[in-house]
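Colleague: no sequence on hand, only this structure:
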C-alpha cells in the first residue's frame, strides 16, 4: 500500500441547529487508492464529502487535502480536486462540449489547452458523437459520463465521486466501474460514496462504513470481512427430539475450531476459522448426538454481513437488482 | 485571484445564460415582447380618456405611463433574476460551480450582468413601442441613456433581494409565492399607474417610502418634461438607490454566506 497521505480528516463534525449530520469523522486516504464511504441514504457520506471538497465548512474538526486546509486554503484545494456531484447536475440547454468549455474557463484553463483536453475527455467517456447535442437529449448513462468528464477536466490529483452509479442500469454501471479503475491506473486518487455493497466491494481498496453520522468500521473489504471472524457453515438438521439443536450446539461449543454458534429455525449457523478442520468435528458430533444432517451450506462472509455486524441493520439498497442478488 | 481570472469566469458564466436563452427561441421572443408591454399598450390606451391630464401633469396617459412601465420592467426582471440560481441550487449545478476555484461573486455578477442586459433591451423595446403611440422622450438619446443607467442602479438592489431569496427559500414554489406577493403591491403602491397626488392618504404615505416611486419620479420627467425638471429628481433617486443597493447587497451577502459558506 502506497503510504503517501492524500487526505487527512480529523474529528470532523457538522451540525445544523440541533441536528447532528456527522460526528467525529476521522479518516486517512492514501495517494493512488480508491477510497469508499459506504452507508445508507442520510448516513452522512455526502456531508463528509462536501466538507472535503470545501463547499461545506465543518462545525468542528479539520481536513487537509494534499496538505492544504479545506477551510483556510479552500481556493487552492479546489484547484487540486475534481468533483462529480450526485445527480443531474447538468444544464439541459447546454451541449456536452459547452459544459466542458464552461468549466474550462472556471478552472482558468487557456482556451487552446481546454479544447484539446475536452476532445480527449469526450473520447475517454465515449461522448464524441453526442458532444454537440443539448444535454436534455442525453440518457441517464450519458449524463453520468458527462459528469465524470467534467470532474476530470481540471486534471485533478484527487477525484471525488458522489454515488457514481446511483440509479444507473447494470451496463452503465459496469462502464463507470471500468472508468474508475482506469483512472486509478493513471495514478488518480479516488474518493467515492456509495450505498451499494457490491460497488464498494468491487471497486474500493479501502472503505469506511458510515451510519448515523459516525464511522462504524474502516479497512479493506477483505480486512473487514476477515475481522468478522471466519467463514460460515449453515447446517440444516432433521429434528427428532425437542432439544436436538441445542444439544448439538452445547457439544460443539467446547471445540477450539468452532468460533461461534447460533441456532436457527431449522439448524445451526456456525462460524469457523477453517472449514476443513471444523467439518470432521461437526460430523462426529452430529453422529454422537444422533442428529441427521440434511444439508450443509458454506459461505465466506460478505460485505453485507460486515455491514449488519457494525450497524445492527441491513443496508437499504435502492435498486431492484440489489435485491435479487 | 487575478483580474484576468475574474473576467474569464464572469464572461463564461454570463455566456451560459445567453446560450440558455438563445436555445429557447419562444422564451426569447416572449422575454422581449414581455407582459409589461401589454400594460403600456392596453392600460395606456384604455385609460387615455378616463384620466385627468391636469392631475397627471402629462400630455396624455400613455406618456405618463411609459415611465411606470419602464420601471416595472426593471422591478420584475430584478426580482425574478435569482430564480435561475435557485434552479441551479436545486439540481446541484451550483454545487458543481462552487467546487471550482472561482471567485464566489462571479456567479452573482454574471447573473446581474445578464439580467441587466436583457432589461436594458426590454426598456428600449418599450420606448420604441411608446414612440409608435406618439411618445417621444423629450430629453432624447442622452435621456434614454440616463434611464438605462437608473434602471441598472435599481437592478443591483433588486437582483440582490432576489438572490437572497433564492438562497434562503426551501423550494422554488416558495420563491414564486414571495415574488407574486412582493411585485404587485410594489407597483400599485408607487406612482407607476397614477400620480401620488391623486392617491388616498395612506397609499400616498406608503408610496412615498417605496424606492420604486423615486425611480419613476426620476424617469418620468426625462420622458415628458425635460432636463431642468429631471436633474434634481435623478440626483435624489441616485442617492436613494445607493442606500437601497447598499442595504440589499448587505442582506444578500449574508444570505449567500449562510447558504454557500
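Modeller: Nice, thanks for sending it over. Just so you know, these numbers come straight off a predicted model, no measurement behind them.

Colleague: output the below-cut-off pLDDT ranges for the chain.
Modeller: If you meant another chain, say so; for now it's chain A. Counting by pLDDT under 70, the low-confidence segments of chain A come to A:1-2, A:87-88, A:229, A:239-244, A:316-325.

Colleague: to clarify, I was referring to chain B.
Modeller: B:1, B:34-36, B:260-261.

Colleague: quick check: residues of it near chain A?
Modeller: With C-beta under 8 Å from any C-beta of the partner chain as the criterion, chain B meets chain A at residues B:1, B:5, B:8-9, B:11-13, B:15-16, B:19-20, B:23-24, B:91-93, B:95-102, B:260-261. Backbone N, C-alpha and C define where each C-beta goes, glycine included.

Colleague: buried subset of these as a ChimeraX selection?
Modeller: A single ChimeraX command selects the buried members of these (16 or more other C-beta atoms under 10 Å in any protein chain shown):
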select /B:5,8,9,12,13,15,16,19,20,23,91,92,93,95,96,97,98,99,100,101,102,260
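
Colleague: near chain B, which residues of the stretch 51-200 of chain A show up?
Modeller: A:53-57, A:75-76, A:78-79, A:81, A:83, A:85-91, A:93-94, A:98, A:101-103, A:105-108, A:134, A:150, A:154.

Colleague: what about those residues, which are in strands?
Modeller: Members of these lying in strands (criterion: DSSP state E): A:81, A:83.

Colleague: what ranges do the helices span in the stretch 151-261 of chain B?
Modeller: Assigned by DSSP state H, counting those that start in this stretch, the helices in the stretch 151-261 of chain B fall at B:172-188, B:201-209, B:211-224, B:227-260.

Colleague: and among the ones you listed, the most buried is which?
Modeller: helix B:211-224 (a mean of 25; mean count of other C-beta atoms under 10 Å in any protein chain shown).

Colleague: so what touches it?
Modeller: B:58-59, B:63-64, B:66-68, B:70-71, B:74-75, B:130, B:135, B:137-139, B:143, B:146-147, B:150, B:154, B:157, B:186-187, B:190-192, B:196, B:207, B:229-230, B:233-234, B:236-238, B:240-241, B:244 (C-beta atoms under 8 Å, 6 or more residues apart in numbering or on different chains).

Colleague: quick one: contacts for residue B:20?
Modeller: Residue B:20 sits next to A:91, A:93-94, B:84 when contact means C-beta under 8 Å, 6+ apart.

Colleague: tell me which element it is part of?
Modeller: Per DSSP states H and E: residue B:20 is located in helix B:3-23.

Colleague: try residue A:28
Modeller: Here residue A:28, judged by DSSP H and E, is contained in strand A:19-30.

Colleague: the nearest residue to residue A:260 once chain neighbours are set aside: what secondary structure?
Modeller: Spatial nearest neighbour of residue A:260, chain neighbours left out: residue A:271 (4.1 Å); criterion: C-beta to C-beta, 6 or more residues apart in numbering or on different chains. Following DSSP: H, G, I helix; E, B strand; the rest coil, residue A:271 is assigned to strand.

Colleague: so residue A:271 touches residue A:230, yeah?
Modeller: Yes - counting by C-beta atoms under 8 Å, residue A:230 is a contact partner of residue A:271 at 5.1 Å.

Colleague: return every residue with contacts to both of the two.
Modeller: residue A:259.

Colleague: show me where the stretch 1-150 of chain A has helices.
Modeller: With DSSP H, counting those that start in this stretch as the criterion, the stretch 1-150 of chain A has helices at A:45-52, A:74-78, A:96-106, A:111-124, A:140-152.

Colleague: quick one: list the elements packing against the shortest one.
Modeller: The reference is to helix A:74-78. The contact analysis (3 or more C-beta pairs under 8 Å, 6 or more residues apart in numbering or on different chains; DSSP states H and E) places helix A:74-78 against strand A:68-69.

Colleague: what residue, apart from its backbone neighbours, is nearest the residue of the stretch 151-300 of chain A found nearest chain B spatially?
Modeller: Chain B sits closest to residue A:154 of the stretch 151-300 of chain A, with a gap of 7.6 Å, by C-beta to the nearest C-beta. Closest residue in space to residue A:154, ignoring its immediate chain neighbours: residue A:107 at 4.5 Å, by C-beta to C-beta, 6+ apart.

Colleague: re the thing from before, distance to residue A:211 and mean neighbour count added to the helices of the stretch 1-150 of chain A, as JSON lines?
Modeller: Conversion of the helices of the stretch 1-150 of chain A to JSON lines gives the following (distance: least, C-beta to C-beta, whole Å; neighbours: other C-beta atoms under 10 Å in any protein chain shown):
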{"stretch": "helix A:45-52", "distance to residue A:211": "10", "mean neighbour count": "24"}
{"stretch": "helix A:74-78", "distance to residue A:211": "27", "mean neighbour count": "20"}
{"stretch": "helix A:96-106", "distance to residue A:211": "34", "mean neighbour count": "23"}
{"stretch": "helix A:111-124", "distance to residue A:211": "35", "mean neighbour count": "15"}
{"stretch": "helix A:140-152", "distance to residue A:211": "26", "mean neighbour count": "23"}
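
Colleague: among those helices, which is nearest residue A:256?
Modeller: Of all these, helix A:45-52 sits nearest to residue A:256, with 40.2 Å by C-beta to C-beta.

Colleague: check the offset of the closest one from the chain's centre.
Modeller: Distance, stretch centre to chain centre, for helix A:45-52: 14 Å (C-alpha atoms, centre = their mean, to the nearest Å).

Colleague: equivalent analysis for stretch B:93-107, please.
Modeller: Counting by C-alpha atoms, centre = their mean, stretch B:93-107 is centred 25 Å from the centre of its parent chain.

Colleague: compute the number of surrounding residues for residue 200.
Modeller: The chain I'm using is chain A. Per other C-beta atoms under 10 Å in any protein chain shown, the neighbour tally for residue A:200 reads 26.

Colleague: if you could check chain B rather than the one you did, that'd help
Modeller: For residue B:200, using other C-beta under 10 Å, the count is 7.
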